[in-house]
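Asks: Give me a 3D structure for the following:
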Amino acid sequence: MVEELAQQCSRKGCRAPGAWSLRWNNPKLHEPAYRKTWLACDDHREYLAGFLTARGFLREVTPFRTPQHDSTP
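Replies: Got it, this is the predicted structure:
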């Protein structure tokens with residue numbers, strides 16, 4: 001069984017729904033194609049993107065879409 005994670009903003013203390021997907025990686029730790037994802041609400045997108053950009057980690061920002069699950073058993 002896979003645990004469903006809350007699809008909320010990754011900013012500490014924020015519980016707003018995620019509207020943006022910030023895809024990033026740390027080149028010292030991850031392969032170039034590997035991506036981690038933070039979600040951001042509209043209010044925190046620039047803050048989180050700036051945090052990742054300052055460290056050279058941000059790769060792309062796209063609108064967040066809820067993943068579709070296959071309902072077949």
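Asks: Nearest the middle, which residue of this structure would you pick?
Replies: Within the chain, the residue whose C-alpha comes closest to the C-alpha centroid is residue 38; the distance, by Cα atoms, centre = their mean, is 2.0 Å.
Asks: Quick check on that one: phi, psi?
Replies: When read as degrees, to the nearest 10, the backbone of residue 38 gives phi -110, psi 140.
Asks: ditto for residue 48
Replies: Backbone torsions for residue 48, taken as degrees, to the nearest 10, come to phi -70, psi -40.
Asks: OK, contacts around it?
Replies: When contacts are counted by Cβ atoms under 8 Å, 6 or more residues apart in numbering, residue 48 touches 10, 11, 22, 38, 40. Just so you know, the C-beta spots here come from the backbone N, C-alpha and C atoms, and that holds for glycine as well.
Asks: Need the nearest residue in space to it, chain neighbours excluded.
Replies: Residue nearest to residue 48 in three dimensions, not counting chain neighbours: residue 40, with 4.8 Å by Cβ to Cβ, 6 or more residues apart in numbering.
Asks: so the one you found touches residue 17, yeah?
Replies: No - taking Cβ atoms under 8 Å as the contact criterion, residue 40 and residue 17 are not neighbours in contact, 10.3 Å apart.
Asks: Strands of this protein, residue ranges please.
Replies: Counting by DSSP state E, the segments of the chain that form strands are 20-24, 36-40, 58-63.
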